[in-house]
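*Asks:* what would the 3D arrangement of this be:
(one chain, ligands or ions: 1)
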Amino acid sequence: MAKLSIQDLDLNGKRVFIRVDFNVPLAEGGQEITSDKRIRASLPTIQYALEHGAAVILASHLGRPKGKFNAEMSMKPVAAKLQELLGKPVALAPDCVGAEVEAMLPAPGGVLLLENLRFHAEEEANDPAFSEKLAKLCDVYVNDAFGTAHRAHASTVGMIQFVPQAAAGLLMNQELKYLGMAVTSPERPCVALIGGAKVSDKIELIENMAKVVDKVLIGGAMAYTFLKAQGLPTGKSLVENDKLELARSLEAKYGDKLMLPVDHAVSTEFKAGAEYQNVTEIPEGTMALDIGEKTIEAYAAVIGSAKTIIWNGPMGVFEMPPFDKGTVALAIAVANSGAVSVVGGGDSEKAIKSAGVTGKITHVSTGGGASLEFLSGMTLPGVAALTEK
Ligand code: AMP
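*Replies:* Numbering: from 1, shown residues only. Reported below is the predicted structural model:
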């Protein structure tokens, strides 16, 4: 069901509460922002609201302050950075609810940033009284925090019952458009590239992707649980021994769609710069740390003929060159494929950056956990709670 978008709302003269994801990385001490990417990602929504006559109230969590004030997780540096990026004053409230905050509410054209929502334990507890206090600050609610949409908290779900309208922001719309298209109406052939450490973290993703796409290419350590389940030697590679049965059942159900590595970069040492060999059979005493050359070629060929590609998780220990080779080669293959490419956040995003192909990916999700849940077919509470069109 389509959700209301900020573009469907009359914002003129209204107090608009925008739940943003300003959970930015901070240098030690909490004074300096090391990446302002998340702030930049919400600028179009904030600017849209201002241009349409709204008084803007922004709220986010930052870090894990565990329900009490912590100066190292204050939104202070975020307010300063936002002010610089917007080119207009941004007031910082001393709290996120209460009389003092209510006295600071801005006039149309003004921007107020609330203090860290998680300074109150009631935020994560989705407490109704706290939700009502947040809702009291505004006339209209907008959620632009896709990265937190998989959590049912006061600011993402609870307060919505106390506001007349709850709409998706422009960033949220963008995420729902591309991720939604990837799972509901992808142009075919559609290929999923799934890597990472554990099968157990990605069972639902593999299952849902296998239902939706034409081929699922498996890489990363999770491949070795599948190979061991087939009775193949895996040496000292990372294997989840309690998931062999699960791997067998996934193969039995979706075997015609799953592709597994046919060769591997193996080493006796788990460290950057370690010597390695390219092998088709993993020798005793070695561990597979990346997909091998033939696998890269085979996967790149499937990627090259795809019209839609969905990617989550690295193909090897990409943090430790030379075991980044498979991940980087496939990032380049995805970028050059000409297909619509949708990448789940986190490690795959880092890999794309280190391959230098960020600009050639159609959509890199801003939410690691949220995109994983979405692509796994789960309902995101923060999206479900928004008003239907
Ligand atoms: P995930 O968070 O599940 O996407 O897993 C990412 C992690 O999996 C990264 O830190 C990789 O280093 C790790 N990983 C990928 N391939 C392997 C491998 N062959 N052996 C050990 N760890 C791996």
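
*Asks:* what residue spans form the domains of this protein?
*Replies:* 6-170, 177-375 (automatic domain parsing).

*Asks:* and the longest one, how far out from the chain middle?
*Replies:* Between the mean C-alpha point of domain 177-375 and the mean C-alpha point of its chain there is a distance of 17 Å (C-alpha atoms, centre = their mean, to the nearest Å).

*Asks:* what pLDDT, on average, does it get?
*Replies:* Average pLDDT, domain 177-375: 95.

*Asks:* quick one: which of the domains of the chain is nearest the ligand?
*Replies:* Ranking those by their distance to the ligand (criterion: C-beta to the nearest ligand atom) puts domain 177-375 first, at 2.7 Å. (C-beta placed from N, C-alpha, C; glycine too.)

*Asks:* please see if that closest one touches the ligand.
*Replies:* Yes - residues of domain 177-375 contacting the ligand under C-beta under 6 Å from any ligand atom: 196-198, 201, 220-221, 238, 288-289, 313-314, 316-317, 319, 347.

*Asks:* before we move on, back to that, including distance to Gly382 and mean neighbour count, could the domains of the chain go into JSON lines?
*Replies:* Below are those laid out as JSON lines (distance: least, C-beta to C-beta, whole Å; neighbours: other C-beta atoms under 10 Å):
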{"stretch": "domain 6-170", "distance to Gly382": "3", "mean neighbour count": "19"}
{"stretch": "domain 177-375", "distance to Gly382": "8", "mean neighbour count": "20"}
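
*Asks:* switch those over to JSON lines; also include distance to Leu386.
*Replies:* Putting the domains of the chain into JSON lines (distance: least, C-beta to C-beta, whole Å) gives the following:
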{"stretch": "domain 6-170", "distance to Leu386": "5"}
{"stretch": "domain 177-375", "distance to Leu386": "13"}
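
*Asks:* which one of those lies nearest to Ala384?
*Replies:* Nearest of the domains of the chain to Ala384, taken as C-beta to C-beta: domain 6-170 at 8.2 Å.

*Asks:* quote the end-to-end distance of that closest one.
*Replies:* The first and last residues of domain 6-170 sit 7 Å apart, counting by C-alpha to C-alpha, to the nearest Å.

*Asks:* now stretch 139-156
*Replies:* The straight-line separation of the ends of stretch 139-156 (C-alpha to C-alpha) is 16 Å.

*Asks:* what mean pLDDT does it get?
*Replies:* Rounded mean pLDDT across stretch 139-156 is 97.

*Asks:* returning to that earlier point: of the domains of the chain, which is nearest Pro381?
*Replies:* domain 6-170 (3.9 Å).

*Asks:* gap between that closest one and the chain center?
*Replies:* Taking C-alpha atoms, centre = their mean, one finds domain 6-170 lying 19 Å from the centre of the chain it belongs to.

*Asks:* now for Ala333, which secondary structure element holds it?
*Replies:* Following DSSP states H and E, one finds Ala333 within helix 325-336.

*Asks:* pull the number of nearby residues for Gly382.
*Replies:* Neighbour count of Gly382, defined by other C-beta atoms under 10 Å: 27.

*Asks:* strands of the stretch 101-250 of the chain, residue ranges please.
*Replies:* Along the stretch 101-250 of the chain, the stretches classed as strands by DSSP state E, counting those that start in this stretch are 111-113, 140-143, 166-168, 190-194, 215-218.

*Asks:* distance to Asp324 added to these, as JSON lines?
*Replies:* Shown next, in JSON lines, are the strands of the stretch 101-250 of the chain (distance: least, C-beta to C-beta, whole Å):
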{"stretch": "strand 111-113", "distance to Asp324": "38"}
{"stretch": "strand 140-143", "distance to Asp324": "35"}
{"stretch": "strand 166-168", "distance to Asp324": "36"}
{"stretch": "strand 190-194", "distance to Asp324": "15"}
{"stretch": "strand 215-218", "distance to Asp324": "17"}
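
*Asks:* the stretch 101-250 of the chain: helices as residue ranges?
*Replies:* For the stretch 101-250 of the chain, the helices defined by DSSP state H, counting those that start in this stretch occupy 121-124, 128-135, 170-184, 203-212, 222-229, 244-254.

*Asks:* would you turn the ones you listed into TSV with distance to Ile309?
*Replies:* Formatted as TSV, these follow (distance: least, C-beta to C-beta, whole Å):
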stretch	distance to Ile309
helix 121-124	35
helix 128-135	39
helix 170-184	9
helix 203-212	11
helix 222-229	18
helix 244-254	18
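
*Asks:* quick one, what contacts Gly53?
*Replies:* If you count contacts by C-beta atoms under 8 Å, 6 or more residues apart in numbering, Gly53 has them with 11-14, 108-109.

*Asks:* shouldn't it be within a strand?
*Replies:* No - applying DSSP: H, G, I helix; E, B strand; the rest coil, one finds Gly53 to be coil, outside a strand.

*Asks:* and the gap between it and Ala91?
*Replies:* Going from Gly53 to Ala91 by C-beta to C-beta, to the nearest Å gives 18 Å.

*Asks:* got the CA coordinates for stretch 84-100 in PDB?
*Replies:* This file holds the C-alpha atoms of stretch 84-100, laid out as PDB (Å, rounded to 0.1, in the frame of the first residue of the first chain):
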ATOM      1  CA  GLU A  84      26.800  25.100   7.900                       C
ATOM      2  CA  LEU A  85      25.200  22.800   5.300                       C
ATOM      3  CA  LEU A  86      21.800  24.600   5.300                       C
ATOM      4  CA  GLY A  87      23.400  28.100   5.300                       C
ATOM      5  CA  LYS A  88      20.900  29.200   8.000                       C
ATOM      6  CA  PRO A  89      20.600  29.200  11.800                       C
ATOM      7  CA  VAL A  90      19.800  25.900  13.500                       C
ATOM      8  CA  ALA A  91      18.700  26.200  17.100                       C
ATOM      9  CA  LEU A  92      19.500  23.300  19.400                       C
ATOM     10  CA  ALA A  93      17.000  22.400  22.200                       C
ATOM     11  CA  PRO A  94      18.300  21.300  25.500                       C
ATOM     12  CA  ASP A  95      16.000  18.300  25.500                       C
ATOM     13  CA  CYS A  96      13.600  16.600  23.100                       C
ATOM     14  CA  VAL A  97      10.300  17.100  25.100                       C
ATOM     15  CA  GLY A  98       9.000  19.400  27.800                       C
ATOM     16  CA  ALA A  99       8.100  23.000  28.400                       C
ATOM     17  CA  GLU A 100      11.600  24.400  27.700                       C
END
